[in-house]
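> pasting the structure only:
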């Protein structure tokens, strides 16, 4: 739980600080080359979801964001794995970063425009650090799911092996019990009705 909170807080602070710097130093629509064409700062205000999807439905994304945020907070105490804690921390921090924009930025509460400023040739959309955190959490989710790692940090095959060992142990105990019972029956067969051993 502590790891999740630290990751979420770091993502949130870095995202918000970056947005403050962009708004303070760039005008809307301005482009600045950082690594040539590989990475550019392109300041835009996005009324939609991540990567400028669904423009014009800001209030819907605000409601969905609050719902997902509540689910993450409710589900967090069940997590016992460091990897899953990092995943939910990235998701929580990213959701909080964009939700803060939608709630408190212009043009109004719940319909605020998200500050986007990162642009790379591989993607046509402009995004921000909160989007990066959210997408990273989804990629980590796929990796953990494909590897079969549960919320407790254990892999599914480890649980199966544990079950097989338990079954094997149970079979040994049953076998031993059968042998002991057979020995008791043999001993009883060598004793006559007066309790004297027979030859």
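Received, thanks. Small disclaimer: the values here were computed from a predicted structure and weren't measured.
> quick one: low-confidence parts of the chain?
Regions of the chain meeting the criterion pLDDT under 70 cover residues 48-58, 158-199.
> Enumerate every residue touching the residue nearest the centre of the chain.
The chain has residue 87 as the residue nearest its centroid, 3.4 Å off, counting by CA atoms, centre = their mean. Contacts for residue 87 were tallied using CB atoms under 8 Å, 6 or more residues apart in numbering; they are 137, 140, 141, 144. The way it works is simple: take the backbone N, C-alpha and C, and place the C-beta from them, glycine included.
> Could you identify the helix or strand that succeeds the helix or strand harbouring residue 44?
Using DSSP states H and E, residue 44 sits within strand 40-46. Beyond strand 40-46 in the direction of the C-terminus, DSSP H and E gives the next helix or strand as helix 58-75.
> what's that following helix in contact with?
Applying CB under 8 Å, 6+ apart, the external contacts of helix 58-75 come out as 47-49, 54, 88, 91-92, 95-96, 98-99, 102-103, 110-113.
> tell me how far it is from the chain's mean position?
A distance of 15 Å separates the centroid of the chain from that of helix 58-75, by CA atoms, centre = their mean, to the nearest Å.
> circling back: compare the contacts of residue 87 and tell me which has the most neighbours.
Each of these was scored by neighbours using other CB atoms under 10 Å; the highest score is residue 137's, at 22 neighbours.
> Would you mind pulling up the elements that the host helix or strand of it packs against?
When secondary structure is defined using DSSP H and E, the element that contains residue 137 is helix 129-146. Using 3 or more CB pairs under 8 Å, 6 or more residues apart in numbering; DSSP states H and E as the contact criterion, the elements in contact with helix 129-146 are helix 2-25, helix 82-104, strand 114-119.
> Ok, which of those comes nearest residue 157?
In terms of CB to CB, the element of the helices and strands packed on helix 129-146 nearest to residue 157 is helix 82-104, at 16.6 Å.
> on that earlier part again, mind listing what's buried in the helix holding residue 137?
Residues 129, 130, 131, 132, 133, 134, 135, 136, 137, 140, 141, 144 are the ones in helix 129-146 that count as buried (16 or more other CB atoms under 10 Å).
> do stretch 77-86 as well
Residues 79, 81, 83, 84, 85, 86 are the ones in stretch 77-86 that count as buried (16+ other CB under 10 Å).
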